[in-house]
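> need a 3D model of the following:
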Amino acid sequence: MIDALMTYPNTDLALGNSFQPKVSDKQKDLQEAKETAQDFEAFFMSRMMESMFEGISTEGMFGGGHAEKIYRSMLFNEYGKVMAKTGNIGISDSIMDSILKMQEAQSSNAL
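Residues are numbered from 1 along each chain as shown. So this is what the prediction gives:
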């Protein structure tokens, strides 16, 4: 094994890269559509939570201020990401279907 690495020093194994199988364009498109749909769902959920908590007062000895607004926004963004990854809401499925339909329409119009 070491001789093979010395003989072919620019191979993936010699460079420390793990083997990754080639992904077809269709699989890559599906993965990108899924990621985009999840990102949209995470964004939507975080904005929805921001509006839900807008009226709650946080003034007090340890609450309020500009820093809390920033950290609360960051917290809602993370909550949105977690909710989108679980897939229980279902928005990302609808968005992914729409993305795939638009891609199919574009590919059929290009032909």
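
> ok, residue 70 - contacts?
Going by Cβ atoms under 8 Å, 6 or more residues apart in numbering, residue 70 touches no other residue. Where you see a C-beta, it was placed from the backbone N, CA and C, and this is true even at glycine.

> and what of the one 3 residues further on?
Shown in contact with residue 73 (Cβ under 8 Å, 6+ apart): 46, 50.

> give me the element it is part of.
Following DSSP states H and E, one finds residue 73 within helix 66-86.

> quick check: what element follows that helix along the chain?
If you walk from helix 66-86 toward the C-terminus, the next helix or strand you reach (DSSP H and E) is helix 91-110.

> between the two ends of stretch 77-93, what distance do you get?
Using Cα to Cα, to the nearest Å, the end-to-end distance of stretch 77-93 comes out at 20 Å.

> contacts for that stretch, please.
By Cβ under 8 Å, 6+ apart, the residues outside stretch 77-93 that reach it are 34, 37-47, 49.

> buried residues, the longest helix anywhere in the chain. List them.
Using DSSP state H to assign secondary structure, the helix with the most residues in the chain is helix 25-52. Residues of helix 25-52 classed as buried by neighbour count (16 or more other Cβ atoms under 10 Å): 30, 33-34, 37-38, 40-42, 44-46, 49-50.

> reformat the residues you listed as JSON lines; add distance to residue 107 and pLDDT.
Compiled in JSON lines, those are given as follows (distance: Cβ to Cβ, whole Å; pLDDT from 0 to 100):
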{"residue": "30", "distance to residue 107": "14", "pLDDT": "85"}
{"residue": "33", "distance to residue 107": "13", "pLDDT": "86"}
{"residue": "34", "distance to residue 107": "18", "pLDDT": "88"}
{"residue": "37", "distance to residue 107": "19", "pLDDT": "90"}
{"residue": "38", "distance to residue 107": "23", "pLDDT": "92"}
{"residue": "40", "distance to residue 107": "22", "pLDDT": "92"}
{"residue": "41", "distance to residue 107": "25", "pLDDT": "92"}
{"residue": "42", "distance to residue 107": "28", "pLDDT": "93"}
{"residue": "44", "distance to residue 107": "27", "pLDDT": "93"}
{"residue": "45", "distance to residue 107": "31", "pLDDT": "93"}
{"residue": "46", "distance to residue 107": "32", "pLDDT": "94"}
{"residue": "49", "distance to residue 107": "37", "pLDDT": "91"}
{"residue": "50", "distance to residue 107": "37", "pLDDT": "91"}
